[in-house]
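Asks: Sharing a sequence plus its predicted fold:
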Amino acid sequence: MSTLCQIRNLSVTYRGQTLPALNQIDLDIAAGERLAIIGESGSGKSTLARALAGLLPPGARLAGEMRWSSGLTPLPGRDLGFVFQDPSSSLNPVLRVGEQVAEGARRHLRLSWTEAYAHALKMLERVRIPEPDKAMKAFPHQLSGGQRQRVAIAAALAAKPGILIADEATSALDMVVQAEIVSLLDELVREAGMTLIFITHDIALASGFADRVAIFKDGRLVESGLTDSVLTSPKEAYTKTLIASHRDLTTPPLIREAVL
Ligand SMILES: Nc1ncnc2c1ncn2[C@@H]1O[C@H](COP(=O)(O)OP(=O)(O)OP(=O)(O)O)[C@@H](O)[C@H]1O
């Protein structure tokens, strides 16, 4: 696999903060891989996603480099799709589903509205929304949480981006729906040959389908490697603890273990 992005010595410090949210990260992202970014709350996962997408808030200081193989930073919406934990943050509550999915395709693929609506309908079929014709005319609140997340995926993929960042995209869903959405994401990115960056606190979920994992803690990259080798022979004590405990990383531990 060729390298899509070389991240070198990347640090990010938010405005008003003294400690960096990301601290001297070195990581390669391969084109077409499924890379899981794993870490507890506050470890810097979303900061990495925002840095990759060029979506850091004003005043955030960025040091180091992100070298994209294309030579250009990917444009969010066109080259890079985003799916968040809460579909409400990416879906507009007062716009019908069809229009929201069509909009990205219209803008970035330069389609007419008629073509974009036809494309949106196809996208809703691909993410397996029941009765896609009806869903086109629905507002987001008329759908279930799992269906809304399917719409958010359809909207993120509508402009055929090469990279999809899923930031805790399944965390708010119950386990059955979570498994369905993960397998849908897996299928869609494989079909399209996309690169998937799957951000999660759940090592067990990620290890089920990611090619490689990168473990983060306190803004640092603890270790990264092929999923099987990190899971079977982790190098770092933190990764060992993580695997041994299958700890739910959404809840920071009250007492830090001596080993960390
Ligand atoms: N806009 C901001 N301004 C200041 N500090 C921020 C901002 N966004 C995040 N941080 C801080 O940066 C650190 C990393 O946050 P980040 O959201 O990247 O972590 P995360 O691993 O994605 O956590 P979570 O799983 O809870 O979303 C945290 O200490 C957080 O409080």
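Replies: Done, it's in.
Asks: Going by C-alpha atoms from here, please, whenever you check contacts or count neighbours.
Replies: Noted.
Asks: What segments of the stretch 151-260 of the chain are strands?
Replies: For the stretch 151-260 of the chain, the strands defined by DSSP state E, counting those that start in this stretch cover 163-167, 195-200, 212-217, 220-226.
Asks: element containing the nearest residue to residue 111 once chain neighbours are set aside?
Replies: Once flanking residues are discounted, residue 111 sits nearest to residue 105: 6.6 Å by C-alpha to C-alpha, 6 or more residues apart in numbering. Residue 105 belongs to helix 97-108 when assigned by DSSP states H and E.
Asks: which outside residues touch the helix or strand encompassing residue 118?
Replies: Under the criterion of DSSP H and E, residue 118 resides in helix 113-126. Contacts of helix 113-126 with the rest of the structure, by C-alpha atoms under 8 Å, 6 or more residues apart in numbering, involve 98-99, 101-103, 105-106, 132-133, 136, 150-151, 154, 157-158.
Asks: Could you do stretch 102-110 as well?
Replies: Contacting residues not belonging to stretch 102-110 are listed as 77-78, 111-113, 115-117, 119-120, 155-156, 158-159 [C-alpha under 8 Å, 6+ apart].
Asks: how does it look with 6 Å?
Replies: Contacts to stretch 102-110, defined as C-alpha atoms under 6 Å, 6 or more residues apart in numbering, come from residues 78, 116-117, 120, 158-159.
Asks: Any residues of the stretch 101-250 of the chain in contact with the ligand? List them.
Replies: Within the stretch 101-250 of the chain, no position is near the ligand by C-alpha under 6 Å from any ligand atom.
Asks: Any regions of the stretch 101-250 of the chain where pLDDT drops low?
Replies: Filtered on pLDDT under 70, the stretch 101-250 of the chain yields the residue ranges 246-250.
Asks: Apply 80 and report the result again.
Replies: Residues of the stretch 101-250 of the chain meeting the criterion pLDDT under 80: 172, 245-250.
Asks: and the angle for the longest helix that the chain contains with strand 163-167?
Replies: When the chain is parsed with DSSP state H, its longest helix is helix 175-192. With axes from the mean of the first three to the mean of the last three C-alpha atoms, to 10 degrees as the basis, helix 175-192 and strand 163-167 are set at 170 degrees to each other.
Asks: Enumerate the positions of helix 175-192 that are buried.
Replies: For helix 175-192, the neighbour count (16 or more other C-alpha atoms under 10 Å) marks 177-178, 181-182, 184-186, 188-189 as buried.
Asks: so which of the residues you listed comes closest to residue 33?
Replies: residue 189 (9.1 Å; C-alpha to C-alpha).
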